[in-house]
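Trainee: Please find the sequence and the predicted model below.
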Amino acid sequence: MNARVQVPKPYNESVLEYRPESLERKKIKARLAELKADKANIPLFIGSEEVRTGKYKDCRSPYDHGQVLGRYHEGGAAEVKKAIAAAMKAKQDWSRMPFHARAAIFLKAADLLAHDWRWTLNGATMLCQSKSVHQAEIDSAAELIDFLRYNVFFAEQIYSSQPNNSRGMWNMVEMRPLEGFVFAVTPFNFTAIAGNLPTAPAIMGNTVVWKPASSTVYTAYHLMRLFKAAGLPDGVINMVTGPASVVSQTLFESPDFGGVHFTGSTGVFHWMWQTVGANIAKYKTYPRLVGETGGKDFVMVHPSADATAVAVALVRGAFEFQGQKCSAASRSYIPDSLWPKVKKAMGDMLATVKMGSPEDFGNFFNAVIDKPAFDSISGYISRARQNKSCKIVAGGRSDDSKGYFIEPTVVLTTDPKSESMVEEIFGPVLTVYAYPEKKFKETLKLVDSSSAYALTGSIFSNDRKAILEAQEALTNAAGNFYINDKPTGAVVGQQPFGGARASGTNDKAGSYLNMLRWTSARTIKETFDPPRDYRYPFLEPETQSAEENESRRKHPSQAAV
Ligand code: NAD
């Protein structure tokens, strides 16, 4: 096409409210009923094939483990090898497709999701991940639509950035996709992340083998259907299932492994890094390792803070989606003078919080993802109960008879290094250390040094000097730092997201920084009228003729390299 096209300017998708009697509420209820009635039979997607191995696993709702949503076929090493071959084959056409044509596919997916597919993806996320309708809306609709629209825009910015030119030449930087394929590995907790990790590299012309979390294959299946409906060619994203270690071992052994786009726990990413290191001589190129991992996110409170604002930030920040956001507030440092007020305000709020199925829209709080998560979180609570330095001041009970329910739990500790104050729990448990009011500076040091993670954190204060002091002291304690706000809820295009230390490579999902990782630049220099004489002007004899002077003007000295 002979036109210099520009992708549409991105904008953040509006979040629907689902008030009683609203159109969106009717639509989502209708789709929930349809999804529940239609038991999905989920294949692996490899090239143009839907592969059914006959080795089944059930997809169940966490809030009602008797409710089967469908079943998926499990793959193994043979299917993974097939997926690699399909990705490598599809790459030949995909990497050469003009950018505007690739971009249109993802913009179409965003628009489909903004309309009719919204009810399917939100419904699947409610049923499969036990998210309230609001939590599903801000994840599987709003955030994923934003990722798709903004990433296409960031890609264009990257392609547009070109070097300078001197007279007589044209310099270009071509942003090639990586050599080989990209492996995307996604966590259970965000449908938006499950959609983003395979599509971000694909937007940059890569092809992908994608392994979703086993607890959320159901939602991943609906994402694959959406991508296909938007016209994504076969083999660009290949979805495989199966035991995580078998799948990843097979992928990491391929010479064509070009990079991993991972979000999940720190331990798994450590293992991936080590495995890639051990295999490094096998690869055709140094692979890109992008991992957003765990967190132990803090809320630091100055004595000047508004106690009610702190309480709201803690209730929302620690307990929305049952504390299963990587950014969830899980440790808070509150001056002892302010703690009674914060505790009372939180207690009043938590007394009104209802826990149960997300299908009942009156419930703010739902179930945790599965039995291993339920056991692990309950373990932390029972150890806190036995720890002499800890006291459970809210919640603390759990029940997995119907679904995996754990009450929003607040632990008060006198030991800022107690287990639940430093380890990632990934559930609805907030630990509070009520620090001596005069020890603000010392407590900032504790915040910075108590945990290996550095993902998100907040300072609450009405004293600007204290805000600056916290911002400075906590420079490396969080990749996303909030002032008088909860540490969750980053919006694509507004707060690029990611952390360092044990929280990952900080490549900032939802920004051009992340998109850059899926490219390998090639610099091209063209000289229009190349020199025809190897000699430089300094070699000329002292006395020059007019002709020689003219030649010197036409061919100024050449760079050394
Ligand atoms: P997880 O690490 O258990 O699983 C993540 C993915 O890795 C899943 O697909 C899983 O099947 C796969 N996996 C597990 N073991 C593997 C192995 N040996 N080889 C290859 N893949 C393997 O994490 P999860 O429970 O799904 O998600 C919760 C974790 O994710 C928390 O630690 C949370 O902080 C983190 N998280 C981080 C961010 C962020 O942006 N930093 C966002 C969301 C979640």
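Mentor: Sure, I can see it. Since the structure is predicted, the reported quantities are computational estimates derived from the model, not experimental observations.
Trainee: Please report phi then psi for the residue of the stretch 251-400 of the chain found nearest the ligand.
Mentor: In the stretch 251-400 of the chain, no residue comes nearer to the ligand than G264, which is 2.6 Å away by CB to the nearest ligand atom. In short, each C-beta sits where N, CA and C put it, glycine included. Its backbone dihedrals place G264 at phi 170, psi -150, with angles given as degrees, to the nearest 10.
Trainee: V342 - how many residues pack around it?
Mentor: V342 has 25 neighbouring residues, counting by other CB atoms under 10 Å.
Trainee: Which helix or strand lies directly C-terminal to the host helix or strand of it?
Mentor: Here V342 is covered by helix 339-352, with elements defined by DSSP states H and E. Once helix 339-352 ends, the next helix or strand along the chain (criterion: DSSP H and E) is helix 371-386.
Trainee: Now that next one: buried residues?
Mentor: Buried residues in helix 371-386, counted by 16 or more other CB atoms under 10 Å: 373-374, 377-378, 380-381, 384.
Trainee: any chance of the residues you listed in CSV, plus distance to Y453 and pLDDT?
Mentor: As requested, the buried residues of helix 371-386 are arranged in CSV below (distance: CB to CB, whole Å; pLDDT from 0 to 100):
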residue, distance to Y453, pLDDT
A373, 18, 98
F374, 23, 98
I377, 17, 98
S378, 22, 98
Y380, 16, 98
I381, 20, 98
A384, 19, 98
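Trainee: And the average pLDDT for stretch 129-148 is what?
Mentor: Taken as a whole, stretch 129-148 has a mean pLDDT of 98.
Trainee: Distance from it to the middle of the chain?
Mentor: Taking the mean of its C-alpha atoms, stretch 129-148 sits 13 Å from the chain's own mean (CA atoms, centre = their mean, to the nearest Å).
Trainee: what's the first-to-last distance across it?
Mentor: End-to-end span of stretch 129-148 (CA to CA, to the nearest Å): 21 Å.
Trainee: cool, stretch 110-125 as well?
Mentor: The first residue of stretch 110-125 is 17 Å away from its last residue (CA to CA).
Trainee: got it, and stretch 383-401?
Mentor: Terminal residues of stretch 383-401 lie 22 Å apart, using CA to CA.
Trainee: need the residues of the stretch 251-400 of the chain near the ligand, please.
Mentor: Residues of the stretch 251-400 of the chain found near the ligand, taking CB under 6 Å from any ligand atom as the criterion, are 263-265, 268, 271, 292-295, 326.
Trainee: Give me the buried subset of those.
Mentor: For those, a burial check counting by 16+ other CB under 10 Å picks out 263-265, 268, 292-295, 326.
Trainee: Widest-spaced pair of the residues you listed?
Mentor: V268 and G295 (14.4 Å; CB to CB).
Trainee: Figure out the helix or strand that F269 lives in.
Mentor: Per DSSP H and E: F269 is located in helix 266-278.
Trainee: For the protein, which element, helix or strand, carries the lowest mean pLDDT?
Mentor: Least confident helix or strand, the chain: helix 546-554 with a mean of 73, by mean pLDDT, DSSP states H and E.
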